[in-house]
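Peer 1: Quick one, structure for this:
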Amino acid sequence: MRITGSHLIDLATTATSRAQERVADAAGVLSSGKRVELASQDPTAWAAGRRAADRAALSSARGDAIDATRTRLSETDRALGTIGGIVETARSLAIQGANDTLDATARAALGNQMQQLFREALGAANTQTSDGEYVLAGSRSDVAPFDAAGAYAGDAGVRTVETAEGVTQSLSVPGSALTAAAGVDVLPALSALATALSTNNPAGIQAALASLDTAGKQVSRARGDGGSSLAALDSVDQARSGFEVQLAKQLQAAVDADPIAAASEFARSSQVLEGAQSVAVRVISLVRPRQ
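Peer 2: Prediction:
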């Protein structure tokens, strides 16, 4: 086959164009730091990178849920801490009120204090998060769990949160922990003491004192459960963070470019382009010499 001058020029031009494309690709990799940005560049690597990125996004969402749960548990602990402190104060008032030397007026004054403490305990028991959820309502977090008398209107449902791929944990304390299901009805016990003090009822004061002994232990157990849940959250969140580090490494290995290799490829492709351009100029000068 006879090779014409035009064909030689076409070959030289094609080689130059390919060299230019190689330089452009190398420059793109060097500037972006990405070896694979499209599935067509490396389907296997692109798919591996996509899987790692998707798993990382899901892990990040789990992190948000864990943070929200941690906030909820912290609010729960503060609420239970307030209630526990009030129970201890109520016991002290009950002991004072049980003293035979007190008259009706003195007990009524203690009753007024106790009424205020009951209202504070009720407010703590109906604590809400910043997004309006009642922390002690069980699964019915959109409804105030305790009514004006301190009776529980929530349920025993426990919140669960996904802490890892395919793993969920129960991480909440329902208000049922403050009811007779766990010992005594804590808030009504406080209200009963207030009534007994206000009505000068020594027998009622003694009965309330016995209930408050149980209530104190009950609140302490509930706080312990919440504390255990917080500790578990810290542990799983640490593991989740480590998992995301591994995913980042997988993503990097799949699609990121080695900066040294990328720079070397850019240098090589630039040299190839210079050579192709020199050949093209030489071919054109031979085939089409100046007149």
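
Peer 1: Tell me which stretches of the stretch 101-250 of the chain form helices.
Peer 2: Counting by DSSP state H, counting those that start in this stretch, residue ranges of the helices within the stretch 101-250 of the chain are 104-125, 186-198, 202-255.

Peer 1: Make a markdown table from those helices and add distance to Ala144 to it.
Peer 2: For the C-beta atoms, the positions are set from N, CA and C on the backbone; glycine is no exception. Output for the helices of the stretch 101-250 of the chain, formatted as a markdown table (distance: least, Cβ to Cβ, whole Å):
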| stretch | distance to Ala144 |
| --- | --- |
| helix 104-125 | 9 |
| helix 186-198 | 12 |
| helix 202-255 | 18 |
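
Peer 1: so of those, which one's packed in deepest?
Peer 2: Scoring the helices of the stretch 101-250 of the chain by mean neighbour count under mean count of other Cβ atoms under 10 Å gives helix 186-198 as the most buried, with a mean of 25.

Peer 1: what's the angle from that helix to helix 202-255?
Peer 2: 150 degrees (axes from the mean of the first three to the mean of the last three Cα atoms, to 10 degrees).

Peer 1: Give me the distance from helix 186-198 to the chain's centre.
Peer 2: Once both centres are worked out by Cα atoms, centre = their mean, to the nearest Å, helix 186-198 turns out to sit 40 Å from its chain's centre.

Peer 1: by contact count, what packs against that helix?
Peer 2: Using 3 or more Cβ pairs under 8 Å, 6 or more residues apart in numbering; DSSP states H and E as the contact criterion, the secondary-structure elements in contact with helix 186-198 are helix 43-97, helix 104-125, helix 202-255.

Peer 1: helices or strands up against the first one?
Peer 2: Packing partners of helix 43-97 (3+ Cβ pairs under 8 Å, 6+ apart): helix 104-125, strand 160-164, helix 186-198, helix 202-255.

Peer 1: before we move on, what about the last one?
Peer 2: If you count contacts as 3+ Cβ pairs under 8 Å, 6+ apart, helix 202-255 packs onto helix 43-97, strand 160-164, strand 167-170, helix 186-198.

Peer 1: again, 6 Å this time
Peer 2: With contacts defined as 3 or more Cβ pairs under 6 Å, 6 or more residues apart in numbering; DSSP states H and E, helix 202-255 has these neighbours: helix 43-97, helix 186-198.

Peer 1: So which of those helices is nearest Val173?
Peer 2: Nearest to Val173 among these is helix 43-97; the distance by Cβ to Cβ comes to 5.3 Å.

Peer 1: rewinding a little: out of the helices and strands packed on helix 202-255, nearest to Glu274?
Peer 2: Per Cβ to Cβ, nearest to Glu274 of these: helix 43-97, 30.2 Å.

Peer 1: in the stretch 151-291 of the chain, which segments are predicted with low confidence?
Peer 2: The model of the stretch 151-291 of the chain has pLDDT under 70 over residues 255-267, 269-270, 272-273, 275-276, 279-280, 283, 287-291.

Peer 1: go again using 50 as the cut-off
Peer 2: In the prediction, the stretch 151-291 of the chain carries residues with pLDDT under 50 at positions 291.

Peer 1: mind giving me the domain split of this protein?
Peer 2: Described in terms of automatic domain parsing, the domain architecture of the chain consists of the residue ranges 50-251, 259-291.

Peer 1: so can I have JSON lines of these showing distance to Gln20?
Peer 2: Converted to JSON lines, the domains of the chain look like this (distance: least, Cβ to Cβ, whole Å):
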{"stretch": "domain 50-251", "distance to Gln20": "30"}
{"stretch": "domain 259-291", "distance to Gln20": "6"}
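
Peer 1: Out of these, which is closest to Thr13?
Peer 2: Each of the domains of the chain was checked against Thr13 via Cβ to Cβ, and the shortest separation belongs to domain 259-291, namely 6.3 Å.

Peer 1: If you drop the residues flanking it in sequence, what lies closest to Ala144?
Peer 2: Leaving out its chain neighbours, the residue that sits closest to Ala144 by Cβ to Cβ, 6 or more residues apart in numbering is Asn126, at 4.9 Å.
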